[in-house]
Every structure is written in structure tokens, then in C-alpha cells.
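[1] sequence? don't have it. structure:
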């Protein structure tokens with residue numbers, strides 16, 4: 001074994017040891033969502049939603065804004081799911 005190989009092994013052992021020790025610092029399991037990790041979902045009034053729908057109807061077919069709003073709807077659904085996933089964790 002060359003001196004270089006020994007140094008490399010020591011670094012790997014040190015890295016493995018540090019990783020092992022640092023993983024013990026985790027306060028929540030990795031399968032749970034920590035409190036505060038889900039951004040809030042903005043709620044819009046019915047009037048505001050109606051106005052947005054009217055404005056959306058005025059846009060040309062295949063508008064980029066329509067595509068963006070579709071993506072935004074998906075993100076809002078994901079935020080709601082995140083909030084629902086966090087709620088049980090908070091009540092344990």
C-alpha cells in the first residue's frame with residue numbers, strides 16, 4: 001500500500017464517521033414533513049375568481065398565460081397536499 005492510498009482510506013473513514021455522527025442530529029425522521037415547510041396557499045374571494053375567469057376568457061387561444069395558470073393550479077394542489085401531510089405530524 002502506498003502512502004497515498006492510506007491517506008485516501010483515512011479520509012473515507014473520516015467522512016463515513018462524520019456522516020454517521022451528523023445524521024444523529026436530525027430532529028425529525030426523513031419520512032415526515034417538518035412544520036413550516038409548506039408555503040401558505042393564498043385564498044381568493046369568489047368575486048376575484050370570477051373577475052379572473054372573465055379576464056382569462058378574453059385571452060387568445062393557446063395563450064402562454066393560460067399555460068402558466070394551469071401550472072399554478074397544479075402547484076396550489078401540491079401545496080394543499082403538503083399542508084394536509086403536515087397536519088397529522090403536528091398533532092402527534
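    Cool, got the structure. Please read these numbers as outputs of a predicted model, since none were measured by experiment.

[2] spell out the residue ranges of the helices in the protein.
    Remark: helices assigned in the chain by DSSP state H are 3-23, 46-57, 64-90.

[3] residue 39 is nearest to which of those?
    Across these, residue 39 has its closest neighbour in helix 64-90 (6.2 Å, Cβ to Cβ). For the C-beta atoms, the positions are set from N, CA and C on the backbone; glycine is no exception.

[4] where's residue 84 relative to residue 41, distance?
    For residue 84, the distance to residue 41 (Cβ to Cβ, to the nearest Å) stands at 11 Å.

[5] between those two, who's got more neighbours?
    Higher neighbour count among residue 84 and residue 41: residue 41, with 14 against 11, using other Cβ atoms under 10 Å.

[6] picking up where we left off before, just the helices of the chain: most buried one?
    Most buried of those by mean neighbour count (mean count of other Cβ atoms under 10 Å) is helix 64-90; its value is a mean of 12.

[7] as TSV, the helices of the chain with distance to residue 37 would be great.
    As requested, those are exported to TSV (distance: least, Cβ to Cβ, whole Å):
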stretch	distance to residue 37
helix 3-23	19
helix 46-57	27
helix 64-90	7
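
[8] if you average pLDDT over each of these, which is lowest?
    Mean pLDDT per stretch puts helix 3-23 lowest among those, at a mean of 67.

[9] quick one: contacts for residue 76?
    Shown in contact with residue 76 (Cβ atoms under 8 Å, 6 or more residues apart in numbering): residue 41.
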